[in-house]
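> coords please:
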Amino acid sequence: MNIGQAAKATGISAKMIRYYEDSGLIGPVARTASGYRVYGPRDIHTLGFIKRSRDMGFSVERIGGLLQLWRDRSRHSADVKRMALEHVAVLQQRIAELQDMVATVQTLADCCAGDERPDCPILSDIATGAPLHSPGGGKRLAKGSRGRARACQKTPE
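Below is the predicted model:
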């Protein structure tokens, strides 16, 4: 298969297939005399493994480790399980961060009058530049606990 056919067969763009080759996830593939890449069944199977891993949210670095374990028939399943559980922890952290973002944006949207006035707590909050999470993993407190914006300050109408 050429790269276009491999892309179609795997659901991975040709650009990403080249990237996976450049990053070492797949080895150098065979080439025709004119330099075109030729993908065999083994390459397609490996690309399918990579795609499924990416769909599960594994990083390229982690996929490299999974591929090494996949290819190593003397591997210990405990090593694979350890990697999977580490990834679960990463995903749970991402979920918590996304839930925090949802709560913040929902609170801000609830505070916005959504009328013809220019006042907008959503834009005001974004303009403060305060991150939802500090680099150390702590959540911002300037806008209230748990990363949520302070309760709406209703103004008399």
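> use CA for all of it now, contacts and neighbours both
Will do.
> next one: phi and psi at the residue lying closest to Arg37 once chain neighbours are set aside?
In this structure, Arg37 finds its nearest non-sequential neighbour in Arg31, 4.5 Å apart by Cα to Cα, 6 or more residues apart in numbering. Dihedral angles of Arg31 (phi, psi; degrees, to the nearest 10) stand at phi -130, psi 150.
> test my guess that Arg31 contacts Val38.
Yes. Counting by Cα atoms under 8 Å, Arg31 touches Val38, with 5.4 Å between them.
> ok, the two, which is more surrounded?
Counted by other Cα atoms under 10 Å, Arg31 and Val38 do not tie: Val38 has more neighbours, with 15 against 12.
> list the helices and strands the strand or helix carrying Glu97 packs on?
Mapping Glu97 onto the secondary structure by DSSP states H and E places it in helix 77-111. Helix 77-111 is packed against helix 60-71, helix 121-128, with contacts defined by 3 or more Cα pairs under 8 Å, 6 or more residues apart in numbering; DSSP states H and E.
> confidence-wise, which helix or strand of this protein is lowest on average?
helix 121-128 (a mean of 89; mean pLDDT, DSSP states H and E).
> so which bits of that one are buried?
121-122, 125 (16 or more other Cα atoms under 10 Å).
> likewise stretch 45-58?
46-51, 53, 58.
> phi first, then psi, for the residue nearest the centre of the chain.
Residue closest to the average C-alpha location in the chain (Cα atoms, centre = their mean): Gly57, at 5.6 Å. Main-chain dihedrals, Gly57, degrees, to the nearest 10: phi 90, psi 10.
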